[in-house]
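**Student:** Here's my sequence, what's the structure:
(chains A and B)
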Amino acid sequence: MIHFSLRKQLGQLNLHAEAGFTDERIVISGENGSGKTTLLRLIAGLERADQGHIGFFDYCWFDSDRGHCLPAHKRKATCLFTYASLLPWLSVADNICIGLTPEQRSGSDGAMRELLRTLKLDGLMTKAATHLSAGEAQRVAMARALISLPRLILLDEPFSAQSPKMRSYLQQWLVELHNALRFPLILVTHDKAEATLLGERHWHMSNGKLITIERGLQKPQRGENHYE
Amino acid sequence: MWEAMQVSVELAIVTTVLLLLIAIPLAYLLAFTNFRGKTCLEAVIALPIVLPPTVLGYFMLMMLAPQSILGSSWSWLFDASLAFSFAGIVIASVVYSLPFAVQPIQQAFRAMPEDWIEMAQTQGLNALTRLHRVILPASRGGLYTAVALVFAHTMGEFGVVLMVGGSIAGETKVASIYLFEQVELLQYDEANIMALILLCLSFIVLSVVYSLNQRWPMGGRS
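**Tutor:** Residues are numbered from 1 along each chain as shown, chains lettered A, B, ... in the order given. Sure, this is the predicted structure:
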């Protein structure tokens, strides 16, 4: 169970978010600048909230009252944000394995090949990261995110650079993968179809406030279309 | 002449190695953290750029003198004087070239896209692994520049070394001091050769720096 209650002042925006979930696929929608990305960054540990707490199953990740804040590299929340953030001096394979120890790496060769095949990146393993298209780079970042079993995965517009055909293929693949492995997943998207396809629960962010829609109510209520 | 050249090269190599070890943590501190007195530290590091070498050399000599804390503990430890010795001019040139090492590395650290470091964090790399796998490789341009500048700067050192080291043949008499002494003795043949060697060396080092910067420009995603 992940539970968080967070407050942060960001210039004019007063972010306030409180929610909890276990291993569902959460989709967050909302306007630009409403604080969606910041919420993901707070959970990942890339930014620090002014007040509140984050509990990850039995662990405390953040508690402002006790002054406790677990650094991002110990949280190991797998993130896939707007930038692919590939390191240009490394090959595709080295980029995917950046977070692995040498022992882990030698044991994950099969997993990597499988991942590259599924993500339609065959033959790119030894290629330099600089020679990729934007779509390929984004899929390599996806492979990097999933090379080890994620404990929590945070996605911010993860398919934005893909062609429509590739996008729907990847969405389908992600749903199947998640159904098979079940891990906590939060996805930020502006795409209504993507939200409907991927979301098991829908949250909405408006002006810094997080509105959670109860479980079972899979679609936004009439007159409350959050994806336009 | 070759003895002086050898002292200079040895001094430059030792200084460069020591400065890399000192400058990387300092640059990391200045580029990635905020603390009280940061501006003050930056100013202190930059001081040798504007300070006349003789002034710096004078303070260094006072610091290394046998009566000083550093000088007396050194002689207690190694039974040798720090002033007018090779070790003394190494310490002096480390201080003298500090900004030439810290500044390019700090600039390279700052120019690196922030999302690379965030990616490394969320991939579970701790600060030391991040430095080794992401930050240092991304800053190669700055590191090479620092090495080249420190080496060249130390090869041409004159005032500081003269103040701290005097001119002891084979120990503290470096190339530029040898050049000065030859001119005083009106030995223009030797002076010509030494001056020419130092000129060529500086030119080569700077050419290397510029070509490296072209290959790995500071920061920016490619």
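**Student:** Which residues are in contact with the residue of chain B found nearest chain A?
**Tutor:** The minimum distance from chain B to chain A, using C-beta to the nearest C-beta, falls at residue B:123 (3.2 Å). Just so you know, the C-beta spots here come from the backbone N, C-alpha and C atoms, and that holds for glycine as well. Going by C-beta atoms under 8 Å, 6 or more residues apart in numbering or on different chains, residue B:123 touches A:73, A:76, A:98, A:99, A:144.
**Student:** Tell me the confidence at the fourth one?
**Tutor:** Right, residue A:99. Looking at residue A:99, its pLDDT is 90.
**Student:** does it count as helix, strand or coil?
**Tutor:** Classification of residue A:99 by DSSP: H, G, I helix; E, B strand; the rest coil places it in coil.
**Student:** separation between the nearest residue to it once chain neighbours are set aside and residue A:85?
**Tutor:** In this structure, residue A:99 finds its nearest non-sequential neighbour in residue B:123, 3.2 Å apart by C-beta to C-beta, 6 or more residues apart in numbering or on different chains. Distance check for residue B:123 against residue A:85: by C-beta to C-beta, to the nearest Å, it reads 10 Å.
**Student:** Looking at the residue of chain B closest to chain A now. What's its pLDDT?
**Tutor:** Residue B:123 is given a pLDDT of 92.
**Student:** State the phi and psi torsions of it.
**Tutor:** Residue B:123 adopts backbone torsions of phi -80, psi 0, taken as degrees, to the nearest 10.
**Student:** give the contact list for the residue in chain A positioned nearest to chain B.
**Tutor:** Residue nearest to chain B within chain A (C-beta to the nearest C-beta): residue A:99, separated by 3.2 Å. Listed by C-beta under 8 Å, 6+ apart, the contact partners of residue A:99 are A:144, A:147, A:148, B:120, B:123, B:124, B:125.
**Student:** thought the third one was touching residue A:98?
**Tutor:** No. Judged on C-beta atoms under 8 Å, residue A:148 makes no contact with residue A:98 at a distance of 11.2 Å.
**Student:** Between the two, which has more neighbouring residues?
**Tutor:** Shown here are residue A:148 and residue A:98; by other C-beta atoms under 10 Å in any protein chain shown, residue A:98 has more neighbours (22 against 17).
**Student:** Please report the distance of that one from residue B:111.
**Tutor:** Counting by C-beta to C-beta, the gap from residue A:98 to residue B:111 is 20 Å.
**Student:** Then residue A:91?
**Tutor:** The separation that residue A:91 has from residue B:111, given C-beta to C-beta, amounts to 23 Å.
**Student:** same question, residue B:164
**Tutor:** 35 Å.
**Student:** Of the two, which one has the most company?
**Tutor:** Just comparing residue B:164 and residue B:111: by other C-beta under 10 Å the higher neighbour count belongs to residue B:164, 30 against 16.
**Student:** wait, the more buried one sits on residue B:83?
**Tutor:** Yes. Contact status for residue B:164 versus residue B:83: in contact at 6.4 Å, counting by C-beta under 8 Å.
**Student:** quick one: common contacting residues for those two?
**Tutor:** With C-beta under 8 Å, 6+ apart as the test, residue B:164 and residue B:83 both reach B:61, B:64.
**Student:** Give the burial count for residue B:22, as a bare number.
**Tutor:** Neighbours of residue B:22 (other C-beta under 10 Å): 15.
**Student:** same question, residue A:193
**Tutor:** Counted with other C-beta under 10 Å, residue A:193 comes out at 12.
**Student:** Which other helices and strands does the helix or strand containing it contact?
**Tutor:** Taking DSSP states H and E as the criterion, residue A:193 maps to helix A:192-198. Helix A:192-198 sits against strand A:25-30, helix A:164-181, with contacts defined as 3 or more C-beta pairs under 8 Å, 6 or more residues apart in numbering or on different chains; DSSP states H and E.
**Student:** quick one: the helix or strand following that helix to chain centroid distance?
**Tutor:** The helix or strand immediately downstream of helix A:192-198 is strand A:201-206, counting by DSSP H and E. Counting by C-alpha atoms, centre = their mean, to the nearest Å, strand A:201-206 is centred 15 Å from the centre of its parent chain.
**Student:** any idea which helix or strand comes after strand A:201-206?
**Tutor:** Heading C-terminal from strand A:201-206 (DSSP H and E), you reach strand A:209-212.
**Student:** Need the phi and psi values for the residue of chain A closest to chain B.
**Tutor:** phi -90, psi 0.
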